[in-house]
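Peer 1: Take a look and give me a structure for this.
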Amino acid sequence: MALGKIFAALVLAFGASACASVDTASRNAPFDTVPTDMAAPAPSYSLESFDVLVPTTLKVSEANLYYPNGDIVWRGDAPGNRYEQVKAIFDESVRLGAYPLDGAMPVRVEIEVTRFHGLTEKTRYTVGGIHSIEFVMTIIEPESGTVLRGPKPIKASLVGYGGQMAIEAESRGLTQKYRITQHLARVVRDELTKAEGFVAPERGATKRIQPLEPIGKQLAAVE
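Peer 2: Now for the predicted structure:
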């Protein structure tokens, strides 16, 4: 009997330690459902300013192919300056994702876009695909210039609807532009509120389509 109790205790202890080693991903979980006891204390940031750079060295493609060769492929706005259009999307995403934060420490955010590959007309109205979006994000203490996090490469891809699903989505206001903007806003907020990579400041110095829940005010769903 004593040996049985010891064996049971060892099994229980091993099971508990194994469970404790599981790394639970939470990026895709709603912000208000992530248990606060799962992570270290997060920084308390508030956005003072930001800057988004879309280098003109990135190659723009207007080819209507399934997978055109280009760094920037965008059809969610009328033909025009794609660099400015991509920058406008990121600008709005940062405002939606970061400005509602009311932390103790003001920060500056710098973003450099390295890839913005949306769906072409041919892809969107047939098989669908992936909005492949990549950028580098740096969080800075504005007064001293201290880098609190980064430069951090971030992949923020999003499933792009195709065929009938794309048509149905657009009829409900879920355009490519709306979905990407809301998605990037969530990614930015996640980066500003998670503890991973946080450099603490010195003392005295934070198949059914469902609409995405807006982070801030709802954007005009017009491409």
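Peer 1: going forward, measure contacts between C-alpha atoms and count neighbours the same way
Peer 2: Will do.
Peer 1: Let me know the next secondary structure element after the least confident helix or strand in the chain by mean pLDDT.
Peer 2: Sorting the helices and strands of the chain by mean pLDDT, DSSP states H and E puts helix 2-20 at the bottom, at a mean of 41. Towards the C-terminus, the helix or strand next in line after helix 2-20, according to DSSP states H and E, is strand 45-53.
Peer 1: Show me the contact partners of that following strand.
Peer 2: Strand 45-53 has contacts (C-alpha atoms under 8 Å, 6 or more residues apart in numbering) with 87, 90-91, 94, 98-99, 101-113, 192-193, 206.
Peer 1: Type out the PyMOL command that picks the buried ones from those residues.
Peer 2: Command for PyMOL that selects the buried part of the contacts of strand 45-53, burial taken from 16 or more other C-alpha atoms under 10 Å:
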select buried, resi 87+90+91+94+98+99+105+106+107+108+109+110+111+112+113+192+193+206
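Peer 1: Cross the contacts of strand 45-53 against helices and list the overlap.
Peer 2: 87, 90-91, 94, 98, 192-193 (DSSP state H).
Peer 1: and those residues as a markdown table, adding distance to Thr57 and pLDDT?
Peer 2: Putting the ones in helices among the contacts of strand 45-53 into a markdown table (distance: C-alpha to C-alpha, whole Å; pLDDT from 0 to 100) gives the following:
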| residue | distance to Thr57 | pLDDT |
| --- | --- | --- |
| Lys87 | 14 | 97 |
| Phe90 | 18 | 97 |
| Asp91 | 20 | 97 |
| Val94 | 23 | 96 |
| Ala98 | 28 | 92 |
| Leu192 | 28 | 92 |
| Thr193 | 31 | 89 |
